[in-house]
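> task: produce atomic coordinates for the following.
(one chain, ligands or ions: 2)
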Amino acid sequence: MEGDLRNQTRNGPIPEPIRRSDGAGNVDRGPRDIMRDRENPNMFVPPVTDSGLLPNLKFSFSDTHMQLNNGGWSREITVRDFPIATTLAAVNMSLTAGGVRELHWHQQAEWAYMLLGSARITSVDQMGRNFIADISEGDLWYFPPGIPHSIQGLEDGCEFLLVFDDGSFSDLNTLSISDWFAHTPKEVLSANFGVPETAFSQIPDDQVYIYQDQVPGTIDGQKVPSPYGTIPLSFKHRLLAQTPLRTSGGSVRIVDSSNFPISKTIAAALVEVEPGGMRELHWHPNNDEWQYYLAGQGRMTVFAGNGVARTFDYRAGDVGYVPFAYGHYIQNTGEQSLWLLEMFKSDRFVDVSLNQWMALTARELVQSNLNVGSELLDALRKQKWPVVKYPGYGYEPK
Ligand code: MN
Ligand code: MN
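Ligands and ions are numbered 1, 2, ... in the order given. I've put the predicted structure just below:
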């Protein structure tokens, strides 16, 4: 016990559920997980403005089952773990150098962002047109529903985030080539391909999922000429290479069917919030928002109407969620940039800015509605600034 205590205090003061601003709360002398309390300072001591009931809007990949294979690993967050997240499901996957996510397909669209390293993806569509591309850090891909594909780690291996347009999707329940072969009589395989049954004597006896292979050669060496040509709408997009919209507190890169035409069911924004910056008060008039935190730490407060607001803490590796049209903002609570993906089951990224709405509404109306003066009214901005930071204005971390 003493050793535990020393360990706990070495990592900083032990937080207590007492709010500094009004003294509410009491020390916690009972059973507790101090490491988690430290990670969630704004859930442990919520802002005084938090109120009412909101379902859980946070789930961490650290709380999921790891699927370990020779060749890589995967872990997923679906409605089974995170019931509010009905629109999208996600998989965090790593492949070794040469590691293969086997040839497979599924009913859902697949959107993916390369977090580190590089991989080669392949696909063939219903017209017999094929696709092959190498994906580097900051690039993404999109496979339409039902279109078969594969992923293989290149020299340095890779880690990526997969997002599917159905919250109940599981990557452990896809249609795989090895699985189909294993569950088809060899005489049928023989008849289908016109070769003797002995050609199938060594096939895997069940679904392979991920396996270790050699690092593939050059992309040109692996290109298969198709008499029907290549897939015309690229499945690859270089998101991080896109010129961002920069505002006072950070940057935003938006990708949807307007600049990545194949991505018809998933839209995203890659957001950077600098230290001291804030993703402004806003909401989305199209669908729920699913979030993945890539770097840094922050807190988000979600406003649900009727006096209900709740704050959650997030850090790299966490998933957040905002139900359709609920108001929200995200503050960087750390000392490095906070990076997150805002994702939507939609063909377009759209948001409504509280500031812009007020700036473009009759001044007298805003003035009387909120009982505010010219100090605020004169500062309202007709242009949207997704990420803000004003000299001299910030929040007091508790
Ligand atoms: Mn897939
Ligand atoms: Mn948002």
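> list the contacts of the closest residue to residue 329 other than its chain neighbours.
The shortest distance from residue 329 to any non-neighbouring residue, by CB to CB, 6 or more residues apart in numbering, is to residue 281 (4.7 Å). (Each C-beta comes from the backbone N, C-alpha and C, glycine too.) If you count contacts by CB atoms under 8 Å, 6 or more residues apart in numbering, residue 281 has them with 327-329, 353-355.
> looks to me like residue 281 is in a strand.
Yes - counting by DSSP: H, G, I helix; E, B strand; the rest coil, one finds residue 281 located in a strand.
> can you tell me which of the contacts of residue 281 is nearest residue 189?
residue 328 (52.7 Å; CB to CB).
> give me the nearest residue to that closest one, chain neighbours excluded.
Using CB to CB, 6+ apart, the nearest residue to residue 328 is residue 302, at 4.7 Å.
> and that neighbour, what helix or strand is that in?
strand 297-305 (DSSP states H and E).
> could you do residue 251 as well?
Assigned by DSSP H and E, residue 251 belongs to strand 250-255.
> that strand pairs with which strands, parallel or anti?
strand 245-247 (antiparallel), strand 267-273 (antiparallel) (DSSP bridges).
> tell me which residues are up against the first one.
Taking CB under 8 Å, 6+ apart as the criterion, the residues outside strand 245-247 that touch it are 251-254, 385-388.
> repeat that for the longest one.
With contact meaning CB under 8 Å, 6+ apart, strand 267-273 is reached by 111, 113, 140, 163, 239-240, 244, 249-257, 279, 296, 298, 330-332, 337-344, 346-349, 386-387.
> go on, stretch 179-190?
With CB under 8 Å, 6+ apart, stretch 179-190 has contacts from 196-197, 199-200, 203-208.
> ok so, going back, nearest to ligand 2, of the contacts of strand 245-247?
Comparing these against ligand 2 with CB to the ion picks out residue 386 as the nearest, at 8.8 Å.
> neighbours around the closest one, how many?
Other residues within reach of residue 386, judged by other CB atoms under 10 Å, total 22.
> SS state for the closest residue to residue 168 other than its chain neighbours?
Using CB to CB, 6+ apart and skipping residues adjacent in sequence, the residue nearest residue 168 is residue 79, 5.1 Å away. Following three-state DSSP, residue 79 is assigned to coil.
> phi, psi of residue 79?
Dihedral pair for residue 79: phi -60, psi -20, per degrees, to the nearest 10.
> hmm, residue 90 and it touching each other?
No - contact criterion CB atoms under 8 Å: residue 79 and residue 90 do not qualify, at 11.4 Å.
> between those two, which one's more packed in?
The neighbour count for residue 79 versus residue 90, taken as other CB under 10 Å, is higher for residue 90 (27 against 17).
> quick one: list the elements packing against the strand or helix carrying that one.
Assessed by DSSP H and E, residue 90 sits inside strand 89-95. Applying 3 or more CB pairs under 8 Å, 6 or more residues apart in numbering; DSSP states H and E, one finds that strand 89-95 contacts strand 72-77, strand 149-164.
> ok, the helix or strand following the last one: who's next to it in the sheet?
Toward the C-terminal end, the helix or strand that comes next after strand 149-164 (DSSP H and E) is strand 175-176. Strand 175-176 has the following sheet partners, assigned by DSSP bridges: strand 99-105 (antiparallel).
> now the strand it pairs with - C-alpha only, PDB.
The C-alpha coordinates for strand 99-105 follow below in PDB (Å, rounded to 0.1, in the frame of the first residue of the first chain):
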ATOM      1  CA  GLY A  99       1.700  -8.200 -43.000                       C
ATOM      2  CA  VAL A 100      -1.500  -8.700 -45.000                       C
ATOM      3  CA  ARG A 101      -5.200  -7.900 -44.200                       C
ATOM      4  CA  GLU A 102      -6.400 -10.600 -46.400                       C
ATOM      5  CA  LEU A 103      -8.600 -10.300 -49.600                       C
ATOM      6  CA  HIS A 104     -12.100  -9.600 -48.400                       C
ATOM      7  CA  TRP A 105     -15.200  -7.500 -48.800                       C
END
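> what angle sits between it and strand 72-77?
50 degrees (axes from the mean of the first three to the mean of the last three CA atoms, to 10 degrees).
> sheet partners, orientation included, of the next helix or strand after strand 99-105?
Moving toward the C-terminus from strand 99-105, the next helix or strand (DSSP H and E) is strand 110-124. The strands beside strand 110-124 in its sheet (DSSP bridges) come out as strand 130-136 (antiparallel), strand 139-143 (antiparallel), strand 149-164 (antiparallel).
> out of the ones you listed, deepest packed?
Of all the strands paired with strand 110-124, strand 139-143 has the most neighbours on average by mean count of other CB atoms under 10 Å, namely a mean of 24.
> can you give the contact residues for that one?
Strand 139-143 is contacted from outside by 109-114, 121, 123, 133, 135, 149, 235-241, 255, 260, 262-263, 266, 268, using CB under 8 Å, 6+ apart.
> ok, the residue nearest to residue 64 when sequence neighbours are not counted to residue 231 distance?
Once flanking residues are discounted, residue 64 sits nearest to residue 75: 4.3 Å by CB to CB, 6+ apart. Computed as CB to CB, to the nearest Å, the residue 75 to residue 231 distance reads 30 Å.
> doesn't residue 359 make contact with residue 381?
Yes - at 5.5 Å, residue 381 counts as touching residue 359 under the criterion of CB under 8 Å.
> secondary structure class for residue 357?
Three-state call for residue 357 (three-state DSSP): helix.
> now it: how far from residue 344?
20 Å.
> got it, and residue 377?
Residue 377 is 32 Å from residue 344, by CB to CB.
> do the same with residue 264
Look at residue 264 and residue 344: by CB to CB, they are 12 Å apart.
> go on, residue 360?
Counting by CB to CB - residue 360 and residue 344 are separated by 24 Å.
> again, but for residue 180
From residue 180 to residue 344 the distance is 33 Å (CB to CB).
> more neighbours, those two?
Using other CB under 10 Å, the more surrounded residue of residue 180 and residue 344 is residue 344, with 25 against 13.
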